[in-house]
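Participant: Build me a model:
(one chain, ligands or ions: 1)
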Amino acid sequence: MGKRKFKAESQKLLDMVINSIYSQREVFLRELISNASDAIDKIYYKALTDDSLSFDVDNYYIKITPNKEERTLTIVDTGIGMTQEELENNLGVIAKSGSHTFKSENEIKDGHDIIGQFGVGFYAAFMVADKVEVVTKSIDSDVAFKWESKGSDGYSVTEVDKQDTGTTITLYIKENQEEETYDEFLETFTLQQIIKKYSDFIRYPIKMDVTESKLKEGSEDEYEDVIEEQTINTMVPIWKKNKSELSDDDYTNFYQEKRYGFDKPLKHVHINVDGSIRYNAILFVPESAPFNYYTRDYEKGLELYSNGVLIMDKCADLLPDYFSFVKGMVDSEDLSLNISREMLQHDRQLKLIAKNIKKKVKQQLVSLLRDERESYEKFFDAFGQQIKFGVYSDYGQNKDELKDLLLFYSSTEKKLVTLEEYVSRMPEDQKYIYYATGDSRDRIEKLPQTELVADKGYEILYFTDEIDEFAIKMLMNYDEKEFRSVSSGDLGIEEDEKEENEQENNDNAELFAAMKEVLSDKVKDVRASKRLKSHPVVLTADGEISLEMEKIINAMPDDQQIQADKVLEINVNHDIFQSLKSAQGNDDEKLKLYTNLLYNQALLIEGLPINDPVEFTNDICKVMV
Ligand SMILES: Nc1ncnc2c1ncn2[C@@H]1O[C@H](COP(=O)(O)OP(=O)(O)OP(=O)(O)O)[C@@H](O)[C@H]1O
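Facilitator: You can find the predicted model right below:
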């Protein structure tokens, strides 16, 4: 038969397939293997309705053989093959999918195991080959045919000899070019990796001849190279297995084989959904955060499979940011793939799956918290910050979803507690959920601000992560109880103390005004403290911006500078107060000296920088001599 031309538009289309559809050349192998698997599946389906056919699974396989000398790569399958007419129709007309037609003719419901649907995958071969030969014999024909093409110049079909039913595709791999190398597609090891990556769960064995170094028979130290035919793919995906047959170790092995992490997963969940959208998923909560987890380099996402064929390494849309630590995979028959299988056409199905996954992950974390507290604390140690970011980000949209997953260290329990636990212990007269901020538990423990609340016997939550206070401001309250910083102006503690405190402020108004003048714009106010018991001074903040927030925001690289409204609180019961009083009106210099010293001390206690350390040390010397 003479050479025939592709139709004009087909040539353009072919050019597009070769150059524009796929971002990775290696997917050509995925496409050819998927076709081979479809061809075997077709025999299986035919056998279901045709009594003269039997399907013995052991007879069906796909074999991949590279030949470096010839620069060829062959893909053999024992599938259904193609008649001359099918060859013409399927490989001569681009975007005609014989598999798609087969599915409708045989009334195989959409999304069943057969993979092909667009009728373009085959041509991906031309991304790596300058010539492709297809020798095929149909189950319905006694003669075999060879289809041959160098791509854009068309194809020819000739009759050839072939014993067995099935198809052999030979790719003549391109020569290396300056910027592109093709040699890798002749390397057994690379091919094995590509098969594992994309086609690990194809249901039929994908075989290769692999050279292994083995101990020579009868020898104890002499090795020889032995060529062995090996099956490269796993075939039955773990997610299609019955959950009751799988042990924790099976899941852990899968996690490690898939290199989801080098740690052990803390928890896994195996989901089989067979409702309006069908999908299987295995999700893992890792034990520890990857080294780049809290950096921009970390990419969230789950592996996405369509019918066991890998579509995306990291499908980000399947996970909300606050669960970005989750690892695992999703396999669905119902995805609307685009032609390259690299993206999804519309994301309705994906959105449904993502919503479902979000719910499942939350359930897992809640059960971990409830039933395996120690493991949950391990999880929270690694990923708690991410949960807190989740409460804070998107204007607090997800705060209600996440608030019960939060843990904070408690001053009274001396361990991490949930907000629910805190609130359940609150005495009746306690109005607020108290918290104190600082770099570490030790530092907070020593903060003068905590004295009054602690003296009252109230529990204080320690906020040691930078995000804590921001997250809590977004949350605003828990179980209708507002959060209050121990540094806050209004601690909501007993009215009589408040009156007493106002009295002190009135009695000492002149002294405080003089001190405020000394400090000028550094503080908004100087007041008698109601929270200090033993310490002489403390710095607190009025308004929404706390001292901790000022520190954090000012340390950010974007030059955004903010100031909290600082208030210097003086302990009127401390001896130092008498010294201040006697200096007032008698010795202005002394009052100035003491005021500056106390202010700087308060800054130090807060972990804030002193404006002029030299002046501060000179002031101390003045007191000493
Ligand atoms: N190894 C094979 N054995 C039998 N038929 C094949 C083989 N490879 C391809 N075909 C036929 O050629 C058609 C076109 O293949 P091609 O890979 O271009 O598209 P597809 O697999 O149908 O769809 P998709 O683009 O979604 O992969 C297939 O539908 C199938 O009918």
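
Participant: Against the ligand, how distant is residue 237?
Facilitator: According to C-beta to the nearest ligand atom, to the nearest Å, residue 237 and the ligand sit 20 Å apart. Bear in mind the C-beta positions are built from the backbone N, C-alpha and C, glycine included.

Participant: what residue ranges in the stretch 251-400 of the chain score low on pLDDT?
Facilitator: 343-346 (pLDDT under 70).

Participant: Quick check: the residue of it nearest the ligand.
Facilitator: residue 339 (6.7 Å; C-beta to the nearest ligand atom).

Participant: is it true that that residue touches residue 118?
Facilitator: Yes: here residue 339 lies in contact with residue 118, judged by C-beta atoms under 8 Å, at a distance of 4.9 Å.

Participant: re the thing from before, what about the residue of the stretch 251-400 of the chain closest to the ligand, how many neighbours?
Facilitator: As a burial measure, residue 339 scores 17 neighbours (other C-beta atoms under 10 Å).

Participant: residue contacts, it?
Facilitator: The neighbours of residue 339, taking C-beta atoms under 8 Å, 6 or more residues apart in numbering as the test, are 21, 118, 120.

Participant: helix, strand or coil for it?
Facilitator: coil (DSSP: H, G, I helix; E, B strand; the rest coil).

Participant: Could you pull up the residues touching the spatially closest residue to residue 398 that is not a sequence neighbour?
Facilitator: Among residues not flanking residue 398 along the chain, residue 390 sits closest, at 5.5 Å (C-beta to C-beta, 6 or more residues apart in numbering). Counting by C-beta under 8 Å, 6+ apart, residue 390 touches 320, 321, 322, 323, 398, 401, 402.

Participant: what does residue 29 give?
Facilitator: Counting by C-beta under 8 Å, 6+ apart, residue 29 has contacts 64, 75, 185, 191, 194, 195, 198, 199.

Participant: Quickly note the distance from it to residue 66.
Facilitator: 11 Å (C-beta to C-beta, to the nearest Å).

Participant: just residue 178 next, same as before
Facilitator: Note on residue 178: its distance to residue 66, by C-beta to C-beta, is 23 Å.

Participant: Residue 412 too?
Facilitator: Separation of residue 412 from residue 66 (C-beta to C-beta): 69 Å.

Participant: Looking at those two, which is more packed in?
Facilitator: Taking other C-beta under 10 Å, residue 412 and residue 66 do not tie; residue 66 has more neighbours (19 against 13).

Participant: who's in contact with the helix or strand encompassing that one?
Facilitator: Element membership of residue 66, judged by DSSP states H and E, is strand 62-67. Applying C-beta under 8 Å, 6+ apart, the external contacts of strand 62-67 come out as 29, 33, 36-37, 40, 72-78, 185-188, 191, 195, 202, 204-209, 232.

Participant: circling back to that earlier point, could I have the PyMOL command that selects the buried members from the contacts of residue 339?
Facilitator: For the buried members of the contacts of residue 339, the matching PyMOL selection, counting by 16 or more other C-beta atoms under 10 Å, is:
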select buried, resi 21+118+120
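
Participant: ok, the contacts of residue 339 vs residue 537, which is closest?
Facilitator: residue 21 (70.4 Å; C-beta to C-beta).

Participant: Just list the residues touching that closest one, thanks.
Facilitator: Residue 21 makes contact with 120, 124, 339, 340, according to C-beta under 8 Å, 6+ apart.

Participant: Now the first one: closest residue in space that isn't a chain neighbour?
Facilitator: Nearest-residue entry for residue 120: residue 17, 5.1 Å, with adjacent residues in sequence omitted and distances by C-beta to C-beta, 6+ apart.

Participant: What distance do you get for the one you found to the ligand?
Facilitator: Taking C-beta to the nearest ligand atom, one finds residue 17 at 8 Å from the ligand.

Participant: that's a strand at that residue, yeah?
Facilitator: No: secondary structure of residue 17 (three-state DSSP): helix, not part of a strand.

Participant: Quick check, it in contact with residue 123.
Facilitator: Yes: the pair residue 17 and residue 123 qualifies as a contact (C-beta under 8 Å) at a distance of 4.3 Å.

Participant: which residues are common contacts for those two?
Facilitator: residue 94.

Participant: of the contacts of residue 339, closest to residue 484?
Facilitator: Using C-beta to C-beta, residue 21 comes nearest to residue 484 of those, at 59.1 Å.

Participant: how much space is there between the closest one and the ligand?
Facilitator: To the ligand, residue 21 is 9 Å away according to C-beta to the nearest ligand atom.

Participant: Name every strand pairing with the strand holding residue 66 and say which way it goes.
Facilitator: strand 72-77 (antiparallel), strand 206-215 (parallel) (DSSP bridges).

Participant: Compare those strands and give me the one nearest the ligand.
Facilitator: Judging these by C-beta to the nearest ligand atom, what sits closest to the ligand is strand 72-77, at 5.2 Å.

Participant: So that closest one, near the ligand or not?
Facilitator: Yes: interface with the ligand: strand 72-77 contributes residue 77 (C-beta under 6 Å from any ligand atom).

Participant: please renumber so the chain begins at 14
Facilitator: With 14 as the first residue, the last one maps to strand 85-90.

Participant: hang on, residue 140 packs against residue 31?
Facilitator: Yes: using C-beta under 8 Å, residue 140 and residue 31 qualify as a contacting pair, with a distance of 5.6 Å.

Participant: Which other helices and strands does the helix or strand hosting residue 364 contact?
Facilitator: In this structure, residue 364 sits in helix 361-384 according to DSSP H and E. When contacts are defined as 3 or more C-beta pairs under 8 Å, 6 or more residues apart in numbering; DSSP states H and E, helix 361-384 packs onto strand 278-287, strand 291-299, strand 340-345, helix 386-405.

Participant: Go through the ones you listed and name the closest to residue 442.
Facilitator: Across the helices and strands packed on helix 361-384, residue 442 has its closest neighbour in helix 386-405 (28.2 Å, C-beta to C-beta).

Participant: Residue numbers of the chain in contact with the ligand?
Facilitator: Within the chain, the positions adjacent to the ligand are 44, 47-49, 52, 90, 92-95, 103-104, 110-113, 129-136, 180 by C-beta under 6 Å from any ligand atom.
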